[in-house]
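Asker: have a look at this prediction, sequence included:
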Amino acid sequence: QVQLVESGGGSVQAGGSLRLSCAASGRSLSTLDMAWFRQAPGKERELVACSRWIGEIYYVDSVKGRFTISRDNPDNTVILQMNSLKPDDMARYYCAARIPDGRGPLSVLYDYWGQGTQVTVSS
């Protein structure tokens, strides 16, 4: 069983930055596919970024060049650095983990989920 705890959300003005962290326990991060999703009120949950255990990384087009997903394997933590934030980025952000099963980076099927952290961006 993998437990995920997100932190780092908050309120920021448009153009600002936030750094989200996801601490994993129960399994080594190096053996997991990791991802960040977000869900805004009234909208479907959206895959934002994925970091596969083999090193493959994916970003949704709307965040390319602004967001960076990275891993700190010794600390078993995955980071989402968010720069140049826009009001459209405002959502609850969720960390997710998956035991690798051959699914590619676009798959939204994950085994474990955190509780989420709120990101608010004001214009």
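Answerer: Good, I have the coordinates.

Asker: and the pLDDT at the residue nearest in space to the middle of the chain?
Answerer: In the chain, the centroid-proximal residue (Cα atoms, centre = their mean) is residue 36; its distance is 2.0 Å. Looking at residue 36, its pLDDT reads 98.

Asker: tell me which stretches of this protein form strands.
Answerer: For the chain, strands defined by DSSP state E occupy the ranges 3-7, 10-13, 18-25, 33-39, 46-51, 57-59, 67-72, 77-82, 91-98, 112-113, 117-122.

Asker: now those strands in CSV, with distance to residue 106?
Answerer: For the C-beta atoms, the positions are set from N, CA and C on the backbone; glycine is no exception. Formatted as CSV, the strands of the chain follow (distance: least, Cβ to Cβ, whole Å):
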stretch, distance to residue 106
strand 3-7, 21
strand 10-13, 28
strand 18-25, 20
strand 33-39, 10
strand 46-51, 7
strand 57-59, 7
strand 67-72, 14
strand 77-82, 18
strand 91-98, 13
strand 112-113, 18
strand 117-122, 23
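
Asker: need the contact partners of stretch 66-84.
Answerer: For stretch 66-84, the surrounding residues in contact (Cβ atoms under 8 Å, 6 or more residues apart in numbering) are 15, 17-25, 28-30, 34, 36, 48-51, 57, 59, 63, 85, 89, 93, 95, 119.

Asker: among the residues you listed, which ones are buried?
Answerer: Among the contacts of stretch 66-84, those buried by neighbour count (16 or more other Cβ atoms under 10 Å) are 18, 20-24, 29, 34, 36, 48-51, 59, 63, 85, 89, 93, 95, 119.

Asker: buried ones in stretch 30-49?
Answerer: Buried residues in stretch 30-49, counted by 16+ other Cβ under 10 Å: 32, 33, 34, 35, 36, 37, 38, 47, 48, 49.

Asker: end-to-end on it?
Answerer: End-to-end distance of stretch 30-49 (Cα to Cα, to the nearest Å): 17 Å.

Asker: all good on my end, thank you.
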